[in-house]
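In: mind folding the following:
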Amino acid sequence: MAGSERRRELRRRRHRLKKMTQLNRQLKSAKASERSHITEKIRSLTPGAEVIIANLGLNEAQ
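Out: Predicted structure coming up:
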């Protein structure tokens with residue numbers, strides 16, 4: 001059973017990485033309202049969202 005949990009965790013991690021790559025690309029051309037929307041998507045995507053948001057410099061806009 002432990003092996004299947006490991007596979008699920010890896011799948012979740014890969015999905016987060018792919019989604020964060022996409023969101024980072026969108027952030028480069030995003031306006032202020034779009035940035036807040038992307039910030040909310042990041043918060044719902046990962047439990048460590050506040051650290052990521054701070055690293056991206058998005059917490060200053062709010």
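
In: buried stuff in the helix or strand that contains residue 51?
Out: With elements taken from DSSP states H and E, the one containing residue 51 is helix 49-56. Burial within helix 49-56, assessed by neighbour count using 16 or more other CB atoms under 10 Å, is assigned to 52, 53, 56. (C-beta placed from N, C-alpha, C; glycine too.)

In: phi and psi next, for residue 30.
Out: Dihedral pair for residue 30: phi -80, psi 150, per degrees, to the nearest 10.

In: on that earlier part again, which strands or helices does the helix holding residue 51 pack on?
Out: Packed against helix 49-56, as judged by 3 or more CB pairs under 8 Å, 6 or more residues apart in numbering; DSSP states H and E, are the following elements: helix 2-28, helix 32-45.

In: please identify the deepest-packed of the ones you listed.
Out: When neighbours are counted by mean count of other CB atoms under 10 Å, the highest per-stretch mean among these falls to helix 32-45, a mean of 14.

In: what angle sits between it and helix 49-56?
Out: Orientation check (axes from the mean of the first three to the mean of the last three CA atoms, to 10 degrees): helix 32-45 against helix 49-56 gives 140 degrees.

In: and the helices and strands packed on helix 49-56 as JSON lines, adding mean pLDDT?
Out: Below are the helices and strands packed on helix 49-56 laid out as JSON lines (pLDDT from 0 to 100):
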{"stretch": "helix 2-28", "mean pLDDT": "92"}
{"stretch": "helix 32-45", "mean pLDDT": "92"}
